[in-house]
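> 3D, please:
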Amino acid sequence: PEAIHTYKEWQLLGFQVNKGEKAKARFTIWNYTSKPSKKAKEEAEKEGKEAAADPHYYMKEACFFSQSQVSKIEREKQLPALIAEIPAIETAAKAPELETVYSFMIDADYIDSLTTA
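All right, here's what the predicted structure looks like:
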């Protein structure tokens, strides 16, 4: 088994996914947002109003990369990514009890057997 994380999670941990790497695994995860849904935006647009915030969870396909697919990034390059992530972290902290799961422990040989079959 090895640790895998999403692209964004690796960046927060101070790593960059190597160029040309393909995801080790893809899973559908629950993601949280406080933005209005596409349907709510369209309805508000028809009424000539601005769509109100609509906190909700939605399903999203996430790509996961392993430790062997990433390289450590310099602190100076990491800082802008961390600063950009602050609003999302604050929003997630205010979210209801459910939370997005970004990492799993998987058996790489098992994943390889699925992709080569």
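> how about stretch 23-30 as CSV, C-alpha atoms only?
C-alpha atoms of stretch 23-30 as CSV (Å, rounded to 0.1, in the frame of the first residue of the first chain):
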residue,chain,number,x,y,z
ALA,A,23,-3.4,9.4,-12.4
LYS,A,24,-2.8,6.2,-10.5
ALA,A,25,-6.5,6.0,-9.6
ARG,A,26,-9.7,7.8,-10.2
PHE,A,27,-12.5,7.9,-7.6
THR,A,28,-15.7,9.7,-7.3
ILE,A,29,-15.7,11.8,-4.2
TRP,A,30,-18.0,14.2,-2.4
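> pLDDT of that stretch, averaged?
Taken as a whole, stretch 23-30 has an average pLDDT of 92.
> buried residues in that stretch?
Within stretch 23-30, the residues that qualify as buried by neighbour count (16 or more other CB atoms under 10 Å) are 23, 24, 25, 29. Every residue, glycine included, has its C-beta placed from N, CA and C.
> could you list which of the residues you listed belong to helices?
With helices taken from DSSP state H, there is no overlap with the buried residues of stretch 23-30.
> any low-confidence regions in this protein?
Low-confidence segments of the chain (pLDDT under 70): 75-83, 85-86, 88-117.
> follow-up on the earlier one: quick check: of the buried residues of stretch 23-30, which lies closest to residue 69?
Nearest to residue 69 among the buried residues of stretch 23-30: residue 24, at 6.9 Å, using CB to CB.
> could you check how far that closest one is from residue 14?
Look at residue 24 and residue 14: by CB to CB, to the nearest Å, they are 19 Å apart.
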